[in-house]
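Visitor: Sequence isn't available, so here's the structure alone:
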């Protein structure tokens, strides 16, 4: 009765504190740190400052206390403390006056560092060394670091600083350079599992190897987290716990559920997959942990496809082993990579999400789509499909080219005249098709339409000049152009610029100086002879009228010796402008040289090789200019 009452009065201590290593040999992992410190202790080459870096639960504080015990052990500085002397017991109980443990998160200001500098000058009370263990040292302010620098660089004799931090990148380089730095690694899952099995055996707690491996994997390399999970399972199971109970305690989905979920993805059964996800959420499972387990499952599938001895990657997941081996060849590595990328994006989206179930279901639909379009994820297959498409296009193109050439050869006679090649144009029935005969024929037609009969084109030109001198206000919008068919260069009209361009101020040299009609504004200027400029000399009231150069309204003939192309109407003179000068010349750079003076590279292919005089295209153009086109 008294024994039971005495046990109930003893406060409960957490497993990670009760089973804290008391010797360097009991440290799980971190052999690189323990060996270095033991060699320094045995050779009496202990540094004045140490910096322990690493993630949570890797043994930084435990190593610092072991070093303090080894330095102050009454049996002398040795590789292992005795844990029996007064100094070792005081350090284990936390009652030593010479081993000061400071929490930098709550003592981070410059005032605490000043107090530390004042106390550090005093010698140790009852121990060999005065040891300062500053945990979470990265929480100190910049001012506190600056105040600590000098003391950290040159501390008093028999003073040792041990700094511990999980975020070494936040420390100033001036602090890091004054310490011996040790990196604490994450503990392997196999070492943690054996450590948990040994502790469970000493506590008479029944647990199988598969469950120990599960707890070690969930601890993610932290011994403190692993012992915390073991303590949680012990509180649930009492004398023992199995794998299914551990899954239920920790809120983890069973591996069979993940297997069924991925099977529904491969089968395209969306309804079954959504039901599985809804069941996970309704049973209160942690969605974030389910996502981590799913990523782990796909990662193991990807590693299984890496080689023949890939089963070594399944040591830390014994619960997944049978399911992984069954689905080993279900998904290709391209599909697995696409799925892992989708789940990784989901991990980032789940942080702070108001509806995590909706995001999880949406990601499941994307997984189904990734597997459905698995044939388009491989670059090799895409290149192969592109090559096949290119070969088909080449085949179709050659077939169409041959078919088009055959049709063009068979139906060349059915093409319109303007689409026929020049060398294949059919000859026009007539008097031989020569240019001279065409010119004579056009001149005869022009003479027949003239009222004088034998006067010809000269009388027609006089009539047009007389009509322009009378000031015909109506005028034609586009005058008839008399084209010289004889092939001679027409003479250049001389006179004032206004008379030459058909302005209202022009005067007819042969008339009495009447004003030109409104129709005189539109007309043509003859092309000058080769090598000469277009000039106009004379005074107002003199010079030929431009009206005479136009054809009669409604005429269907083209007079010989006149310019071939009409000029645009010049802009009206502004108010207050003076009359144009007596002599005006067109700039040479504004004149277009005749075709025979153009460089060879500026000419079109047809101009480089002129067509013969009896070409059908030339006859068609002449026929159009004779009245069929210009009305």
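Guide: Perfect, thanks for sending it. Keep in mind it's a predicted model, so treat the numbers as computed, not measured.
Visitor: what stretches of the stretch 201-350 of the chain score poorly on pLDDT?
Guide: Residues of the stretch 201-350 of the chain meeting the criterion pLDDT under 70: 308.
Visitor: right, I mislabeled it, should have said the stretch 1-150 of the chain
Guide: 1-9.
Visitor: can you map out the helices along it?
Guide: Secondary structure of the stretch 1-150 of the chain (DSSP state H, counting those that start in this stretch): helices located at 2-9, 15-18, 31-42, 60-72, 86-93, 110-119, 142-153.
Visitor: In terms of secondary structure, what does the fourth one contact?
Guide: Counting contacts by 3 or more Cβ pairs under 8 Å, 6 or more residues apart in numbering; DSSP states H and E, helix 60-72 is packed against helix 31-42, strand 49-54, helix 86-93, strand 99-103, strand 130-135, strand 159-165. Yep, even glycine has a C-beta here, placed from its N, CA and C like the rest.
Visitor: go again using 6 Å as the cut-off
Guide: Applying 3 or more Cβ pairs under 6 Å, 6 or more residues apart in numbering; DSSP states H and E, one finds that helix 60-72 contacts helix 86-93, strand 159-165.
Visitor: Need the contact partners of the last one.
Guide: Read that as strand 159-165. Around strand 159-165, the neighbours that count as contacts under Cβ atoms under 6 Å, 6 or more residues apart in numbering are 49-53, 60-61, 64, 129-135, 137-138, 152.
Visitor: wait, which of the helices of the stretch 1-150 of the chain is closest to residue 215?
Guide: Ranking the helices of the stretch 1-150 of the chain by proximity to residue 215 (Cβ to Cβ) places helix 15-18 first, at 11.8 Å.
Visitor: Buried ones in that closest one, by neighbour count?
Guide: 15, 16 (16 or more other Cβ atoms under 10 Å).
Visitor: And stretch 298-306, by the same measure?
Guide: 298, 300, 301, 302, 303, 304.
Visitor: now, which of the residues you listed lie within helices?
Guide: Members of those lying in helices (criterion: DSSP state H): 298, 300, 301, 302, 303, 304.
Visitor: The fourth one is in contact with residue 337, isn't it?
Guide: No. In this structure, residue 302 sits apart from residue 337 without contact. The criterion is Cβ atoms under 6 Å, and the distance is 7.3 Å.
Visitor: which SSE is the nearest residue to residue 300 once chain neighbours are set aside in?
Guide: Of all residues not flanking residue 300 in the chain, residue 324 sits nearest, at 5.4 Å (Cβ to Cβ, 6 or more residues apart in numbering). Assigned by DSSP states H and E, residue 324 falls within helix 321-326.
Visitor: And the next helix or strand past that helix?
Guide: Criterion used, DSSP H and E; the element after helix 321-326 is helix 333-350.
Visitor: Tell me the helices and strands packed up against that following helix.
Guide: By 3+ Cβ pairs under 6 Å, 6+ apart, helix 333-350 packs against helix 287-304, helix 356-372.
Visitor: For residue 313, see how far away the residue nearest to residue 342 when sequence neighbours are not counted is.
Guide: Nearest non-adjacent residue to residue 342, counting by Cβ to Cβ, 6+ apart: residue 366, 5.0 Å away. Distance, residue 366 to residue 313, by Cβ to Cβ, to the nearest Å: 26 Å.
Visitor: rewinding a little: now distance to residue 357 too, for the buried residues of stretch 298-306, in CSV please.
Guide: Output for the buried residues of stretch 298-306, formatted as CSV (distance: Cβ to Cβ, whole Å):
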residue, distance to residue 357
298, 20
300, 25
301, 25
302, 27
303, 30
304, 30
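Visitor: Which single one of those is nearest to residue 237?
Guide: Within those, distances to residue 237 taken as Cβ to Cβ reach their minimum at residue 300, with 27.7 Å.
Visitor: hmm, back to that, nearest to residue 291, of the helices of the stretch 1-150 of the chain?
Guide: Nearest of those (Cβ to Cβ): helix 15-18, 27.5 Å.
Visitor: Report how many residues lie close to residue 270.
Guide: Residues lying near residue 270 (other Cβ atoms under 10 Å) number 14.
Visitor: now do residue 218
Guide: Residue 218 has 19 neighbours, counted by other Cβ under 10 Å.
Visitor: Which of the three states applies to it?
Guide: helix (DSSP: H, G, I helix; E, B strand; the rest coil).
Visitor: For it, which non-adjacent residue is closest in space?
Guide: Nearest to residue 218 is residue 229, by Cβ to Cβ, 6+ apart, at 6.1 Å.
Visitor: And for residue 221?
Guide: residue 186 (2.8 Å).
Visitor: now residue 133: how far from residue 65?
Guide: For residue 133 relative to residue 65 (Cβ to Cβ), the value is 7 Å.
Visitor: Then residue 263?
Guide: According to Cβ to Cβ, residue 263 and residue 65 sit 51 Å apart.
Visitor: next one: residue 57
Guide: From residue 57 to residue 65 the distance is 15 Å (Cβ to Cβ).
Visitor: measure stretch 324-341 end to end?
Guide: The first and final residues of stretch 324-341 sit 20 Å from each other (Cα to Cα, to the nearest Å).
Visitor: go on, stretch 135-154?
Guide: Note: stretch 135-154 ends 20 Å apart using Cα to Cα.
Visitor: Find me the pLDDT at residue 566, would you?
Guide: At residue 566, the pLDDT value in this model is 54.
Visitor: swap in residue 433?
Guide: On the pLDDT scale, residue 433 gets 46.
Visitor: do the same with residue 528
Guide: 46.
Visitor: 40 is where my numbering starts, stick with that
Guide: I'll keep to 40 as the first residue from here, and by that count the last item is residue 567.
Visitor: domain parsing for the protein?
Guide: 50-224, 229-288, 290-415, 474-609+619-667 (automatic domain parsing).
Visitor: mean confidence for stretch 206-226?
Guide: Mean pLDDT, computed over stretch 206-226, is 93.
Visitor: where along this protein do the strands fall?
Guide: 88-93, 138-142, 169-174, 198-204, 219-223, 245-246, 279-280, 574-575, 623-624 (DSSP state E).
Visitor: The second one pairs with which strands?
Guide: This points to strand 138-142. In the sheet, strand 138-142 lines up against strand 169-174 (parallel) (DSSP bridges).
Visitor: Please spell out which residues along the strand it pairs with are buried.
Guide: 169, 170, 171, 172, 173, 174.
Visitor: List the single closest residue to the second one in space, sequence neighbours excluded.
Guide: Closest residue in space to residue 170, ignoring its immediate chain neighbours: residue 107 at 4.3 Å, by Cβ to Cβ, 6+ apart.
Visitor: these two touch, right, that neighbour and residue 169?
Guide: No. With contact defined as Cβ under 6 Å, residue 107 does not count as touching residue 169 (9.8 Å).
Visitor: contacting residues for the closest residue to residue 116 other than its chain neighbours?
Guide: Leaving aside its chain neighbours, residue 116 sits nearest to residue 80 (5.5 Å; criterion: Cβ to Cβ, 6+ apart). Residues in contact with residue 80 (Cβ under 6 Å, 6+ apart) are 109, 116, 118.
Visitor: Nearest to residue 153 among these?
Guide: Using Cβ to Cβ, the contacts of residue 80 come closest to residue 153 at residue 109, 30.3 Å.
Visitor: quick one: that closest one from residue 78, how far?
Guide: Counting by Cβ to Cβ, the gap from residue 109 to residue 78 is 12 Å.
Visitor: on that earlier part again, which one's more surrounded, residue 302 and residue 104?
Guide: residue 104 (22 against 17).
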